[in-house]
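**Student:** below are the sequence and a predicted model for it; my questions follow.
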Amino acid sequence: MLKKKLILIILLTVGAFSSCKKEEYDPEKQLKIDDAIIQEFITKNSIPAIKHESGIYYQILNPGSGSQVTVANSVSTTYEGRLLNGSIFDGGSADFPLSRVIVGWQIGIPLIKKGGKIRLIVPSVFAYSINPPQGSGIPKNAVLDFTVDLTNVQ
């Protein structure tokens, strides 16, 4: 009887741990999902966005005329970040090295020059993917929609 109870406990423990399987994250698969979401969003909202070879979508609202930007630059921006449902999760003015922000910005911001303005629709794999900042209101695997004014380049 004791042997049967021990075996039952072992089986229940193994069953419990095997059901706690970690999420498997496949960035290529997620990028395809995000792309379909973005295409539906830009079609529904008549946004004339261009797909970059990386997979981000952008709309240059003003190309700017100042200095060209690279990831090695520090930039000053005024921006607004939204989820695709329109809710704003962040915004304001910020100065930062471009190398220290999400990959979507590292790809998109160099598409304009100082004084320019761009809309970036960033797939989750080039934003926060499954690790959004705690308390940000950004869900896992969220596609993000930014409007960015590039006010200075250093």
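**Tutor:** Structure received. A quick note: this is a predicted structure, and the numbers were derived from the prediction, not measured.

**Student:** got a list of what the residue nearest the centre of the chain touches?
**Tutor:** Centroid-nearest residue in the chain: A127, 2.2 Å away (criterion: C-alpha atoms, centre = their mean). Counting by C-beta atoms under 8 Å, 6 or more residues apart in numbering, A127 touches I102, V103, G104, I138, A142, V143, L144. Using the backbone N, CA and C atoms, a C-beta is placed for each residue, glycine as well.

**Student:** same check on V69?
**Tutor:** Here V69 is in contact with V75, L98, I109, P110, I112, K113, K114, L150, V153 (C-beta under 8 Å, 6+ apart).

**Student:** pull the number of nearby residues for the nearest residue to it once chain neighbours are set aside.
**Tutor:** Nearest residue to V69 in three dimensions, chain neighbours excluded: P110, at 4.5 Å (C-beta to C-beta, 6 or more residues apart in numbering). Using other C-beta atoms under 10 Å, P110 is surrounded by 18 other residues.

**Student:** before we move on, back to that, may I see the contacts of V69 organised as TSV, with pLDDT, secondary structure and distance to R82 added?
**Tutor:** Conversion of those to TSV gives the following (pLDDT from 0 to 100; DSSP: H, G, I helix; E, B strand; the rest coil; distance: C-beta to C-beta, whole Å):
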residue	pLDDT	secondary structure	distance to R82
V75	97	strand	20
L98	97	helix	21
I109	98	helix	17
P110	98	helix	22
I112	98	coil	19
K113	97	strand	24
K114	96	coil	24
L150	97	strand	18
V153	96	strand	24
